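Chemist: Requesting a structural model of the entry that follows:
(one chain, ligands or ions: 2)
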Amino acid sequence: MTLQIKNVTKRYTGKNEVLAVDNVSLEIGENEFISIVGPSGCGKSTLLRMVAGLESITDGEIIFNGKKVEGTNAERGMVFQQYTLMPWRTVLQNITFGLEVKNIPKEERLTIARKYIQMIGLEDFENSYPYELSGGMQQRVAIARTLANDPQIVLMDEPFGALDAQTRSMLQNHLLKIWETDKKTILFITHSVDEAIYLSDKVVIMSARPGKIKEIVDINIERP
Ligand code: ADP
Ligand code: ADP
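Modeler: Numbering: from 1, shown residues only. Ligands and ions are numbered 1, 2, ... in the order given. Next up is the predicted model:
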């Protein structure tokens with residue numbers, strides 16, 4: 001997996017033109033856990049959405065595995081702040097959905113889904129519907145659903161932003177465990193410097209001046 005963001009600019013046009021991302025360059029290597037941190041409105045989400053292929057690029061290019069990013073692809077899996085589970089499907093059925101789309105046989109789908117259900121600690125809830133679960137549990141399902149699709153890079157847009165402190169802390173530790181055991185590459189957005197430092201190898205700091213990278217900091221901490 002290689003991801004190169006090369007001199008990328010995003011300008012929203014319309015009544016009020018906004019320069020959301022201004023000539024940003026960044027490289028992400030295999031197994032890295034990179035956080036992008038910065039105040040609200042600095043362009044984090046726009047940058048991530050361009051990597052996901054959800055937003056057009058005004059200038060520059062994003063190269064994923066040697067190919068220009070155009071549109072979405074399951075190889076770049078996205079987790080949003082607001083979990084978007086299908087209410088008419090159970091936890092298990094929500095997680096297997098992407099695997100059905102990929103025509104993975106039923107037995108294999110169940111094996112993969114259950115591995116992630118176990119990882120997020122919801123074994124007793126695989127047949128529950130989203131409305132039966134707390135917010136934190138639903139977000140765990142949304143994360144498991146994205147991971148079960150085995151994306152080469154996981155793109156996370158403030159996935160714990162809407163949760164209370166205790167749930168957030170629990171999910172951070174779940175995510176670190178998954179990252180360490182499954183060797184995932186993660187690009188994570190947060191407005192919390194603490195969260196960025198706690199989770200990642202490398203923290204990209206964006207400045208309040210819209211769309212600019214201020215600093216890239218390598219974090220070298222020994223995790224217990
Ligand atoms: P962050 O994720 O850091 O909060 P965003 O990427 O959401 O920042 O937004 C960056 C800037 O682009 C902000 O000024 C925001 O208002 C603007 N913006 C975001 N989305 C749109 C849009 N769809 N149309 C116009 N402006 C937008
Ligand atoms: P939130 O903090 O958003 O309510 P949590 O994921 O912390 O979400 O779960 C809330 C409650 O759900 C827990 O206090 C616990 O009672 C129950 N719960 C969560 N995970 C499990 C589990 N694996 N097994 C049993 N109960 C659980």
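
Chemist: Nearest residue to Ala208 in space, please, no chain neighbours.
Modeler: Sequence neighbours aside, Pro39 is the residue nearest to Ala208 in space, at 5.1 Å (criterion: C-beta to C-beta, 6 or more residues apart in numbering). Backbone N, C-alpha and C define where each C-beta goes, glycine included.

Chemist: sorry, that was for Val69
Modeler: Ile62 is the one closest to Val69 (C-beta to C-beta, 6+ apart), at 4.3 Å.

Chemist: quick one: the helices in the protein?
Modeler: Applying DSSP state H to the chain gives helices spanning 44-52, 91-101, 106-119, 135-148, 165-182, 193-199.

Chemist: show me the contacts for Gly14.
Modeler: With contacts defined as C-beta atoms under 8 Å, 6 or more residues apart in numbering, Gly14 has no neighbours.

Chemist: hang on, Phe97 packs against Ala144?
Modeler: No - Phe97 sits out of contact with Ala144 when judged by C-beta atoms under 8 Å, with a separation of 11.5 Å.

Chemist: Dump the helices of the chain to TSV, plus distance to Val69, mean neighbour count and mean pLDDT.
Modeler: Output for these, formatted as TSV (distance: least, C-beta to C-beta, whole Å; neighbours: other C-beta atoms under 10 Å; pLDDT from 0 to 100):
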stretch	distance to Val69	mean neighbour count	mean pLDDT
helix 44-52	7	23	97
helix 91-101	19	20	96
helix 106-119	26	16	94
helix 135-148	18	22	93
helix 165-182	23	15	89
helix 193-199	24	17	94
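
Chemist: what's the closest of those to ligand 1?
Modeler: helix 44-52 (3.0 Å; C-beta to the nearest ligand atom).

Chemist: And the contacts of the closest one?
Modeler: 3, 5, 8, 10, 20-21, 24, 36-38, 55-57, 62, 64, 69, 72, 76, 78, 153, 155, 157-158, 187, 189, 191, 206, 211.

Chemist: Run through the bridge partners of Met61.
Modeler: That one is not Met; residue 61 is Glu. Counting by DSSP bridges, Glu61 is bridged to Lys6.

Chemist: Local confidence estimate at it?
Modeler: Predicted confidence (pLDDT) for Glu61: 98.

Chemist: what does the chain put close to ligand 1?
Modeler: Within the chain, the positions lying close to ligand 1 (C-beta under 6 Å from any ligand atom) are 12, 18, 20, 38, 40-46, 210.

Chemist: State the pair within these that is farthest apart.
Modeler: Of all pairs drawn from the residues of the chain next to ligand 1, the greatest distance, 17.4 Å, lies between Tyr12 and Gly38 (C-beta to C-beta).

Chemist: Next up, the contacts around the closest residue to Ala144 other than its chain neighbours.
Modeler: Of all residues not flanking Ala144 in the chain, Tyr116 sits nearest, at 3.9 Å (C-beta to C-beta, 6+ apart). Tyr116 is in contact with 95, 144-145, 147-148, counting by C-beta under 8 Å, 6+ apart.

Chemist: One more pass at 7 Å, please.
Modeler: 95, 144, 147-148 (C-beta atoms under 7 Å, 6 or more residues apart in numbering).

Chemist: now for those, which pair is the farthest apart?
Modeler: Among those, Ile95 and Leu147 lie farthest apart (C-beta to C-beta), at 9.0 Å.

Chemist: Fine by me, thanks again.
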